[in-house]
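Colleague: the following block contains a protein sequence and its predicted model.
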Protein chains: 2
Amino acid sequence: VTVDSTAPTAGGARIPGLARRAAGITGSVIDSSTSLLERQSHDIVRFAMGSPAPEAIPAPAFAELLPAVLGQGSSRAFDYGRTEGEPAFVDALLPFLGAWGIAATAEETIVTAGGMQGLDLAAKLLVDPGDLVLVESPTYTNGTATIASYEGDMVEVPVDHDGMVVERLPELVAAAGREPKLIYVIPNFQNPSGTTLSLERRRRLVELAVEWHAVILEDDPYGMLRFAGDHVPGLRQLSGGAPNVISVYTLSKILAPGLRLGWVVADPAIVARMIDAKQGMDTCANVPLQWLAAAFIGGGGMDAHLEALRETCRSHKQGMTDALAHELGDGAVSWTDPEGGFFLWLTFGEHVATTELAEIAIAEGVAFIPGKAFSVGGRFENALRLSFATNPPERTAEGVRRLRQALDRAYGDSWRNLKG
Amino acid sequence: VTVDSTAPTAGGARIPGLARRAAGITGSVIDSSTSLLERQSHDIVRFAMGSPAPEAIPAPAFAELLPAVLGQGSSRAFDYGRTEGEPAFVDALLPFLGAWGIAATAEETIVTAGGMQGLDLAAKLLVDPGDLVLVESPTYTNGTATIASYEGDMVEVPVDHDGMVVERLPELVAAAGREPKLIYVIPNFQNPSGTTLSLERRRRLVELAVEWHAVILEDDPYGMLRFAGDHVPGLRQLSGGAPNVISVYTLSKILAPGLRLGWVVADPAIVARMIDAKQGMDTCANVPLQWLAAAFIGGGGMDAHLEALRETCRSHKQGMTDALAHELGDGAVSWTDPEGGFFLWLTFGEHVATTELAEIAIAEGVAFIPGKAFSVGGRFENALRLSFATNPPERTAEGVRRLRQALDRAYGDSWRNLKG
């Protein structure tokens, strides 16, 4: 939507001119797909949003816990809570995180409205207009959106099968002519590529950040969802809990996105400033669902839940790579094969334009996010992101069949060839 | 907390230097009082937070509605929702607002994480560093905090018994040497003064904003809580729904703050940009509590609830002014007598320092917010805000008695005299 501040309306009032930073506020193709899909009346296989499979959300357990959690008639669950997070939730969270190798004290933790708010808090506190911010390419749309909203100057770093190509950083920083303020990285089962940053690269990244006095913004929604290969320690862990690593987590992928609950682990001095900033954003996270999550996690429900969720992700991923091999295997199409998380990344020959293809695909009954959404520089027009998390194999097979039909409709046989 | 970016820690990493805007991010004395009070083990009468009375929150109705709302085992309530708000919630909200004279279409509405996020969205989209923003004096701490976080240049406008002294605006704008970008105003039962902007001033404010191409940010959490006097139409209503008036509402005061649900009514072009901005902040509001609020409001529960709540506020306000007259009536103390809302404002002789008094009062077992918190220029050290909403008359009487004891302890008899 373009805001025209020149046209006065009845009464002489004008649509106001926006702040300079608004030019960088673009919205999210991913989030908007929720509304877009709600407006469709035909059957659509949804590979677009990064939502857990419906059957993987422990809604029955939530329904069972809620009456006791909220207390019959108790109003305290509906009052304001502490900005830093409800004590019950933080108390349940910290030992759970500790068991996962994420060491954090209460002073190092702030509860947020999903992981997204953790990114917003970090960018708001750290990024001045024009600051150099290194981001993966491709990377999570909304993460770069929040950096853009604070007018950070982003440089894209290529991603390969071992995640961000850290070896390229010195050269990119030299070319930028100044040291980075922030390095935004999704180390595990990266959104959208599904790749994981290797241990060697993690170590090097931590060194480089110290050298540059840069902050690493570690966005790790998927780390607990590994279904193959070996665990790799997190960046904050590898840094020894250094004050220049800020780690952002969320329940959105490992429990339920609708709760809008996440947390940041960072140096206490940073967390204190995040509490200040959050008080000027939304006061505190919603209280009843913090209490619900506290009861679920504190009651020991997460271990069995995560085990089942990882198995769901594994079988759904297998269903998707099987379907891709079946439907697209004879074409000039490649895809990543993640060891965890929600997403894989498809790359076509250069003549395939996935922004257009997405519209045809919706008509055919399948939704994905076009590749361009994942690059601030508009790259990856010939790629797309598929979420394998949501759908079981049979449904995924149908969705991938529809994707192939959309390709046939848009490109005839030419998508099978690199050049078309 | 001061962040020292000069001291390297083990491994050579430093606590990062913050963005320039972080200097304006100060946190909220109000919100921090939640944590402060949780740390006290002795009995404290709470006049600090603007929380509804516990018995006024319809927790039993919520508990009854929840199972049906969330559905036994349905996971949809725990998935991502639309950024602009759950359709069920918006559908319930709009006719309810219409009945209150607040005309809004779905395109003019975005659901937010409380009213606070509405203020944050407006300030983020509109305020450039150095932009002139007019604010009431005193005014809501967190509102000015979010404006400060975007480096708006605030000028304080006095408040009298008819709200913001709009007559002073031309002179203040002339002195500032430039036209305002934003005018932040709480028209009904203002926080913290409890005063209401008169109809005449509202009309003049709407005219001046058009003349200056300024945006009116109308923050109206309390408008439905009038218990005396006559309703005054809102600023957006008086402007004829002009695009330069943005109205911010919340369920925090009229239903329950812990839900963290509010909404903005504004021009569709502004709402569209707010949707973009919110996607880079927290994706969407929590879904289960939107469904709960939809069921409560859509089921017609609000009318009886608001009627009871207004009566609670009225009797609690009466309890407070009676207690003030009883305990402080022979001193040089004045207070406002609001016709609605949650707050009243006490002013002492100039030698009384309420920041210090607040600490003594906590020890005596009563909590309030010192006046200085409500001024970006540090005014009102000799004033304080009392929330009368939370406590019934007997408890309020005890709290005001403790406040008088704190005054006696701090000032002997001198608080009874203007000069001390």
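Modeller: Sure thing, it's come through.
Colleague: now the helices for the stretch 101-250 of chain A?
Modeller: For the stretch 101-250 of chain A, applying DSSP state H, counting those that start in this stretch gives helices covering A:114-126, A:141-149, A:169-176, A:199-212, A:235-238.
Colleague: wondering if the last one reaches chain B at all.
Modeller: The reference is to helix A:235-238. No: Helix A:235-238 stays clear of chain B (CB under 8 Å from any CB of the partner chain), getting no nearer than 10.1 Å. For every residue, glycine as well, the C-beta is placed using N, CA and C.
Colleague: now for that helix, which elements pack on it?
Modeller: helix A:199-212, strand A:215-219, strand A:245-250 (3 or more CB pairs under 8 Å, 6 or more residues apart in numbering or on different chains; DSSP states H and E).
Colleague: list the contacts of the longest strand seen in chain A.
Modeller: Looking across chain A with DSSP state E, the single longest strand is strand A:153-160. Residues outside strand A:153-160 that contact it (CB atoms under 8 Å, 6 or more residues apart in numbering or on different chains) are A:130-139, A:144, A:147-148, A:164-166, A:168-169, A:172, A:176, A:180, A:190, A:193, A:195, A:375-377, A:379.
Colleague: separate out the buried members of those.
Modeller: Buried by 16 or more other CB atoms under 10 Å in any protein chain shown: A:131-139, A:144, A:147-148, A:164-166, A:169, A:172, A:180, A:190, A:193, A:195, A:375-376, out of those.
Colleague: confidence-wise, which helix or strand of chain A is lowest on average?
Modeller: The least trusted helix or strand in chain A, going by mean pLDDT, DSSP states H and E, turns out to be helix A:29-38, with a mean of 81.
Colleague: starting from that helix, tell me the next helix or strand along the chain.
Modeller: Sequence order places strand A:45-46 as the next helix or strand after helix A:29-38, per DSSP states H and E.
Colleague: now the element after that next one, going C-ward?
Modeller: helix A:59-70.
Colleague: how far off helix B:59-70 does that following helix point, in degrees?
Modeller: 180 degrees (axes from the mean of the first three to the mean of the last three CA atoms, to 10 degrees).
Colleague: residues near the residue lying closest to A:Leu235 once chain neighbours are set aside, how many?
Modeller: In this structure, A:Leu235 finds its nearest non-sequential neighbour in A:Glu218, 4.5 Å apart by CB to CB, 6 or more residues apart in numbering or on different chains. For A:Glu218, the neighbour count with other CB atoms under 10 Å in any protein chain shown is 30.
Colleague: if we can go back for a sec, so which of the contacts of strand A:153-160 reach chain B?
Modeller: Near chain B, by the rule CB under 8 Å from any CB, you find A:Asp131, A:Ala148 out of the contacts of strand A:153-160.
Colleague: out of the contacts of strand A:153-160, which are inside strands?
Modeller: Filtering those for strands - DSSP E - leaves A:Leu132, A:Val133, A:Leu134, A:Val135, A:Glu136, A:Ser137, A:Met164.
Colleague: redo those residues as a markdown table? Include distance to B:Ser74 and pLDDT.
Modeller: A markdown table is the format used below for the ones in strands among the contacts of strand A:153-160 (distance: CB to CB, whole Å; pLDDT from 0 to 100):
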| residue | distance to B:Ser74 | pLDDT |
| --- | --- | --- |
| A:Leu132 | 46 | 98 |
| A:Val133 | 40 | 98 |
| A:Leu134 | 42 | 98 |
| A:Val135 | 37 | 98 |
| A:Glu136 | 36 | 98 |
| A:Ser137 | 38 | 98 |
| A:Met164 | 39 | 98 |
